[in-house]
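In: Compute the structure for the input listed below.
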Amino acid sequence: MILGRKSLLFGCHQFIIHPVYVLWAWMRISRLTGTKLTWKHWLLALVHDWGYWWCKTIDGPDGSAHSAWGADLILRLTGDPWWYEEALCHSRFYAKRLGRPASNFCWVDKYSVALMPSWLWAGLAYLTGEGWEYLDNKVYEIHCPMPHTFASLVLKHKKLKQWTLATLSRYYGVEIK
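Out: Next up, the predicted model:
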């Protein structure tokens, strides 16, 4: 089975677990920003990563473009170009490739990962093998070549959580926990 499909079925982008954490992150962020969540927020949380279904990699050329599929679906379902852009640019690297800024949803998505317990994220990443892409990818600010072990993934997630919370605190101008 290809990696993107594994990720959606039982990995870091699991089609139930990840959207639940995304919604939790959005609820927390919406309290700070005064944003009222609508059905479009829920829809985006659910489908934004579905493009991984056809991807052999998470961070390779196919995986890095996964957000285009979800963005197209969002546009068809909402008819709203703003939501299309939120979905399309939720990947910082894909947004950069398109010459656009990362969307606000990008940071909500990152926050959702930081809200997960390290043992859960590491377990999902270990189960699919996608964690090895995360450990080995030099584009990440927290890149740290490490042995391919569960403990390494737990450590990676803890570093990711620290980086995400610090970045979000700067982005929103308030301390994010």
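In: which residue sits closest to Leu127, ignoring its sequence neighbours?
Out: Of all residues not flanking Leu127 in the chain, Phe10 sits nearest, at 5.8 Å (C-beta to C-beta, 6 or more residues apart in numbering). Backbone N, C-alpha and C define where each C-beta goes, glycine included.
In: Can you tell me the SS state at the most centrally placed residue in the chain?
Out: Nearest to the geometric centre of the chain sits Asp109, at 4.4 Å (C-alpha atoms, centre = their mean). Secondary structure for Asp109, judged by DSSP: H, G, I helix; E, B strand; the rest coil, is helix.
In: which regions of the chain lie under the pLDDT threshold?
Out: Applying pLDDT under 70 to the chain picks out residues 137-145.
In: what's near enough to touch Leu73?
Out: Val47, Trp50, Ala87 (C-beta atoms under 8 Å, 6 or more residues apart in numbering).
In: same thing but 7 Å
Out: Leu73 makes contacts with Val47, Trp50, as judged by C-beta atoms under 7 Å, 6 or more residues apart in numbering.
In: next helix or strand past the helix or strand containing it?
Out: Assigned by DSSP states H and E, Leu73 belongs to helix 67-78. Later in the chain than helix 67-78, the nearest helix or strand by DSSP H and E is helix 81-88.
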